[in-house]
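Peer 1: This is a predicted model, with the sequence first.
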Amino acid sequence: MSIDCIETGTFAPLTAASAQAEKLHVVSWNIARGSRIEEITEFLIRANADLILLQESDCNSRRTAYRNIAKELAQKLGMNYAFGAEFQELGQGSPSSPAYHGQATLSRWPLSQPRVIRFRRQSKFWHPHWWIPPLAAFQRRIGGRMALITNLAIGGRSLIVYNLHLESRNSDELRFGQFAELLNDTRRYGFDVVVVLAGDFNFDIAAARGKTFLQDAGFENPFASLAMPTILSGASRHGRAIDWILIRGAVPRSFQVHNSIRASDHYPLSLTLQFS
């Protein structure tokens, strides 16, 4: 594994490769490294999702007992997976055994053509410096915010999946710039292609400027109508809506923020896609 590699694995039954579906159940969730993996697994089993997009998934990190969270979840759920490293966590591994965290996409159907967009605009907050020791408390990192893109083949139907994590530091202007890069990339696919774009945006895209961005790119944001926070309130922050699932080319149904689930500092989001 390296910062530029994409790890993949196949744990779904081979019969799923040719299965047809008129609906697709989707979950997106920032799992906060996967520290509470038992509770995370329990929810995901109950959710019985067909497509799962996870952000902040650890791989070989001291804080999560050197587990490969994405692979372990895929094995337990009987799903295929792709994992892209967002950062190498300098305080969580060693030079001979580096630690990473990033995005993981899990699917009951085959995943293909995985690729990463590492945003051109990045915060310098996480950079290592000679005067800052590479200890876990200082979160020094190599890499940068990115999106993991995969193609999902459901029988004879193709779906494009963007699993993203925008910057938590700096301003909304930086996040808008990163978001614009993603929307521009989606234009390579025709509006007849179903696209799911989901993850931790770290800002409220339901505001006026975000709505304009989405309308121009042909996306629908069903969660804007819920007006519900997607992160827990705490001593240092108020609950806000910063996680989203955006849809193009299909009809979103039964969308929900699961605010009773406390296995992370983010709530899981789910919806059902109805193919036309």
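Peer 2: Looks like it arrived, so ask away.

Peer 1: For the longest helix anywhere in the chain, buried residues please.
Peer 2: For the chain, the helix with the greatest residue count under DSSP state H is helix 172-186. Within helix 172-186, the residues scored as buried using 16 or more other Cβ atoms under 10 Å are 172, 174-179, 181-183, 185-186. All C-beta spots, glycine's among them, are computed from the backbone N, C-alpha and C.

Peer 1: and what of stretch 231-249?
Peer 2: Buried residues in stretch 231-249 (16+ other Cβ under 10 Å): 231, 241-249.

Peer 1: export those residues to a markdown table and tack on distance to Asn151, secondary structure and pLDDT?
Peer 2: Formatted as a markdown table, the buried residues of stretch 231-249 follow (distance: Cβ to Cβ, whole Å; DSSP: H, G, I helix; E, B strand; the rest coil; pLDDT from 0 to 100):
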| residue | distance to Asn151 | secondary structure | pLDDT |
| --- | --- | --- | --- |
| Ile231 | 30 | strand | 93 |
| Ala241 | 29 | coil | 92 |
| Ile242 | 27 | coil | 94 |
| Asp243 | 23 | strand | 96 |
| Trp244 | 21 | strand | 96 |
| Ile245 | 18 | strand | 97 |
| Leu246 | 17 | strand | 96 |
| Ile247 | 16 | strand | 96 |
| Arg248 | 15 | strand | 95 |
| Gly249 | 14 | coil | 92 |
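
Peer 1: Just name the closest of the buried residues of helix 172-186 to Thr8, please.
Peer 2: Nearest to Thr8 among the buried residues of helix 172-186 is Asp185, at 20.5 Å by Cβ to Cβ.

Peer 1: quick one: that closest one from Ala12, how far?
Peer 2: Computed as Cβ to Cβ, to the nearest Å, the Asp185 to Ala12 distance reads 27 Å.

Peer 1: mind checking how far stretch 193-201 is from the chain centre?
Peer 2: 9 Å (Cα atoms, centre = their mean, to the nearest Å).

Peer 1: I'd like the mean pLDDT over the helix or strand harbouring Glu38, please.
Peer 2: In the assignment (DSSP states H and E), Glu38 maps to helix 37-47. For helix 37-47, the mean pLDDT works out to 97.

Peer 1: Give me the helices and strands touching that helix, please.
Peer 2: Helix 37-47 sits against strand 23-33, helix 69-77, with contacts defined as 3 or more Cβ pairs under 8 Å, 6 or more residues apart in numbering; DSSP states H and E.

Peer 1: circling back: would you turn the buried residues of helix 172-186 into a markdown table with pLDDT and distance to Ser107?
Peer 2: As requested, the buried residues of helix 172-186 are exported to a markdown table (pLDDT from 0 to 100; distance: Cβ to Cβ, whole Å):
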| residue | pLDDT | distance to Ser107 |
| --- | --- | --- |
| Asp172 | 88 | 31 |
| Leu174 | 93 | 30 |
| Arg175 | 93 | 27 |
| Phe176 | 92 | 29 |
| Gly177 | 93 | 29 |
| Gln178 | 95 | 24 |
| Phe179 | 94 | 24 |
| Glu181 | 95 | 24 |
| Leu182 | 95 | 20 |
| Leu183 | 94 | 23 |
| Asp185 | 96 | 20 |
| Thr186 | 95 | 19 |
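
Peer 1: Nearest to Thr41 among the residues you listed?
Peer 2: Leu182 (29.0 Å).

Peer 1: isn't that closest one right up against Leu148?
Peer 2: No: using Cβ atoms under 8 Å, Leu182 is not in contact with Leu148; the gap is 11.2 Å.
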